[in-house]
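Asker: give me a 3D structure for the following:
(chains A and B)
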There are 2 protein chains.
Amino acid sequence: MKNFSLEMRTKIYFGKNSIENLNNHIPDYNNILLVYGKGSIKKNGIYEDIYKILNKFKINVYELNNIKPNPEITKVYEGIKICKENKIDLILAAGGGSVIDTAKAISAGVYYQDDIWELFLKDDKIEKSIDIGVILTLSATGSEANANSVIQNDKRKEKLAIHNDMIRPKFAILDPYYTLTVSKYQTACGVADIFAHILEQYFYPEKDAYIADRLAESLMRSVIKFGEILITDLNNIEARAEIMWASTLALIGILKAGKYGDWASHTLEHELSAYYDIAHGAGLAIIFPAWLKYVYSDDKGWKYREYGINVWGINPDLTDKEIAEKSIEKTINFFKKLELPVTLKEANIDDKYITEWAENIINRLPSKEIGNFKKLNKEDIINIYKLAL
Amino acid sequence: MKNFSLEMRTKIYFGKNSIENLNNHIPDYNNILLVYGKGSIKKNGIYEDIYKILNKFKINVYELNNIKPNPEITKVYEGIKICKENKIDLILAAGGGSVIDTAKAISAGVYYQDDIWELFLKDDKIEKSIDIGVILTLSATGSEANANSVIQNDKRKEKLAIHNDMIRPKFAILDPYYTLTVSKYQTACGVADIFAHILEQYFYPEKDAYIADRLAESLMRSVIKFGEILITDLNNIEARAEIMWASTLALIGILKAGKYGDWASHTLEHELSAYYDIAHGAGLAIIFPAWLKYVYSDDKGWKYREYGINVWGINPDLTDKEIAEKSIEKTINFFKKLELPVTLKEANIDDKYITEWAENIINRLPSKEIGNFKKLNKEDIINIYKLAL
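Answerer: Numbers count the residues shown, from 1 in each chain, chains lettered A, B, ... in the order given. Okay, the predicted model is just below:
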């Protein structure tokens, strides 16, 4: 196992009516910024649930809404302005990953000396941040209990991430009933995103983090099981609950304990959603199979063997290469069952920007390479995009 | 899944030389109480490693040592006195569960209005506690990152537990190299303890926490694999590392997320070690198989089926009852491979106190019952002790 440090300090409240736990936290604050998306929380009653509690306390509540999927940096600037003008001491994010990631970028940006986009371009310190509380309404990104924020900059055609313990939410309310109105397509995208998060950490070319990889396999099997149930029965609350908990566990830190991950597929996908209006999970369902095919080599066949046998129950008597092929097929079929596109063509994306995307990715990196399972240069990246066509 | 709240805020530093992370924490404190056991940390160099760092800072260090396994309340009183007299603001526990649990009881006891043993006898609030840092030297109890403390009261022949988030360590240093000098017997007891912690959470008679149970199975398979390696190769650092990490994960909270546990076996074992000088892990290796045999019933056979197939690889074509029998046999064989006693007789304990133990347990409980998988009354408890003879 590699050395690691792990902080999982987000206090998690899970289950029906867990919104009630807001009552314990709100008294600690004076000025709250409520961040949410395009208003679905008003339709499904979550907005009302929140205000039923907020109104009990003598606090000022400000709002920042209309956050779109693949959230944009302009909304972050807007939020920073509100925070500075109104001495906000808690940002309450009610939504999925885009809303939470916006809240995180605001939280870091208020005290950051520079334009906050600089922080996405370079690794820099965050000295101070505003507390964040989460009310999760979409199971996907794991942002509810991790230290990451992914934000898009439409003007610069960039989609980039920051990772910093200072933006980890203080508390997260996870009520699976709050996800019951999520559409079939968005639910499927969430399931694909969760599955991809586990894969990114699982595919690493060393054997020395046994427990982390066995936990990852258990979680993948669970996501497959309940993802397939959900897609045919969106009201299945047990499946909603297990998928919600899987989204959090996938990125809370235990799957990367003692190892590194790969994360190249996520980087390749971010170019897609920076250029096209495609959901992140759908983009991953396209990129991941192509990546799995491309990075195979016989010396790393053992990892596909583990994946194929332990996750997909493939016959261990087959060769590594056969198991790899079968497990990639099973992965594709899983995404198909989720009714997601598995090629660029199915998402109406052609090869127009492939070279541009590869150059964007490579030019941002001093090493001119991404990934760990296999180091990918510009040509490799182009090849993977082509395999995904 | 049942509702739950989960707080895992102990900052974990894992790996070789992770002691260096003390440098980040010590500057926050002025007066430190170093708690340790019978001096093994002086022989294996850990004591020196600690002081090499402590001496760099202008702080006062006090010591409380000679903590014995199954730690005694008298040492807690002694520690509380030192803390009160010297304004201790950090208790640094360098050792295994007994040392950490002593530190936790001291941490809660300094500000507790009553005799601290009262807190073990009744559920009461802890308003304030002293920060705790852990340097783990024995993989077993999971105390390094949980909110429990188990203390013995020799005068009253009681061994009892408290559970409170206020005593959860602030940080924990987990260096598997620090466990290399742990004897074969103590290593085996630790492995049995970890395995039992997982079983206690796993055996619950409802099916609705799928992910938690699949993670538990992964962790049990890992503990079996690396436990068996360690017992024939005590210097295997990979096995030391995986077992250390398993000890922490077993009780950090994820295995009980969405369900309840049983914990009757632990309660039955605590009577043994309150009356006899037996290691907790050895006691569990005796009690658990008897418990597994006694609480079987056909309506709960599905849980033994999951356990047998997913943990021990038993043929799924067998009946639940056959799988139960085989999995209990496998469990016993695992403890035997660890060279632990699996009957009271092998630990030189006879039936003298069996009724007294059952009465002790029952009399402490208003409901006069313990356990969840099967509710156990006094007669049940006596029967389990007898099965363990």
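Asker: can you list the residues of chain A near chain B?
Answerer: For chain A, the residues found near chain B under the criterion CB under 8 Å from any CB of the partner chain are A:1-9, A:11-18, A:21, A:176, A:208, A:210-211, A:214-215, A:217-219, A:221-222, A:225-226, A:238, A:241-242, A:245-246, A:249, A:254, A:257-258. Yep, even glycine has a C-beta here, placed from its N, CA and C like the rest.
Asker: 7 Å instead?
Answerer: Remark: the part of chain A in contact with chain B comprises A:1-9, A:11-16, A:18, A:208, A:210-211, A:214-215, A:217-219, A:221-222, A:238, A:241-242, A:245-246, A:249, A:254, A:257-258, using CB under 7 Å from any CB of the partner chain.
Asker: the strands in the stretch 151-300 of chain A, which residues?
Answerer: Here the stretch 151-300 of chain A has its strands, by DSSP state E, counting those that start in this stretch, at A:158-163, A:171-174.
Asker: got those strands as TSV, with mean pLDDT and mean neighbour count columns?
Answerer: Putting the strands of the stretch 151-300 of chain A into TSV (pLDDT from 0 to 100; neighbours: other CB atoms under 10 Å in any protein chain shown) gives the following:
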stretch	mean pLDDT	mean neighbour count
strand A:158-163	90	18
strand A:171-174	98	26
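Asker: regarding chain A, what is its longest strand?
Answerer: strand A:4-14 (DSSP state E).
Asker: direction included, what does that one pair up with?
Answerer: Partners of strand A:4-14 in the sheet, by DSSP bridges, are strand A:171-174 (parallel), strand B:4-14 (antiparallel).
Asker: the bottom helix or strand of chain A by mean pLDDT?
Answerer: Using mean pLDDT, DSSP states H and E, strand A:158-163 stands out as the lowest-scoring helix or strand of chain A, at a mean of 90.
Asker: relative to that one, what are the paired strands and their orientations?
Answerer: Take DSSP bridges as the rule and strand A:158-163 pairs in its sheet with strand A:148-153 (antiparallel).
Asker: wait, which of the strands of the stretch 151-300 of chain A is closest to A:E63?
Answerer: Shortest separation from A:E63 across the strands of the stretch 151-300 of chain A is recorded for strand A:171-174, at 18.1 Å, computed as CB to CB.
Asker: quick check: longest helix of chain A.
Answerer: Using DSSP state H, we find that the single longest helix of chain A is helix A:210-232.
Asker: how about the CA coordinates for that helix, as CSV?
Answerer: Extracted in CSV, the C-alpha atoms of helix A:210-232 (Å, rounded to 0.1, in the frame of the first residue of the first chain):
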residue,chain,number,x,y,z
TYR,A,210,-5.9,-5.2,-1.9
ILE,A,211,-8.7,-3.9,0.4
ALA,A,212,-9.4,-0.8,-1.6
ASP,A,213,-9.8,-2.9,-4.8
ARG,A,214,-12.1,-5.4,-3.1
LEU,A,215,-14.2,-2.6,-1.7
ALA,A,216,-14.4,-1.1,-5.2
GLU,A,217,-15.6,-4.4,-6.7
SER,A,218,-18.3,-4.7,-4.0
LEU,A,219,-19.4,-1.2,-4.8
MET,A,220,-19.4,-1.8,-8.6
ARG,A,221,-21.5,-4.9,-8.2
SER,A,222,-24.0,-2.9,-6.1
VAL,A,223,-24.1,-0.1,-8.6
ILE,A,224,-24.8,-2.5,-11.4
LYS,A,225,-27.5,-4.3,-9.4
PHE,A,226,-29.4,-1.2,-8.3
GLY,A,227,-28.7,0.8,-11.4
GLU,A,228,-30.4,-1.9,-13.5
ILE,A,229,-33.3,-2.0,-11.0
LEU,A,230,-33.8,1.7,-11.0
ILE,A,231,-33.9,2.1,-14.8
THR,A,232,-36.9,-0.1,-15.0
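Asker: what number of residues lie near the nearest residue to A:S222 once chain neighbours are set aside?
Answerer: Excluding the flanking residues, the one nearest A:S222 by CB to CB, 6 or more residues apart in numbering or on different chains is B:I211, at 4.8 Å. By the criterion of other CB atoms under 10 Å in any protein chain shown, B:I211 has 25 neighbours.
Asker: next, the contact list for B:I211, please.
Answerer: B:I211 makes contact with A:219, A:222, A:242, A:245-246, A:249 under the criterion CB atoms under 7 Å, 6 or more residues apart in numbering or on different chains.
Asker: much appreciated, bye for now.
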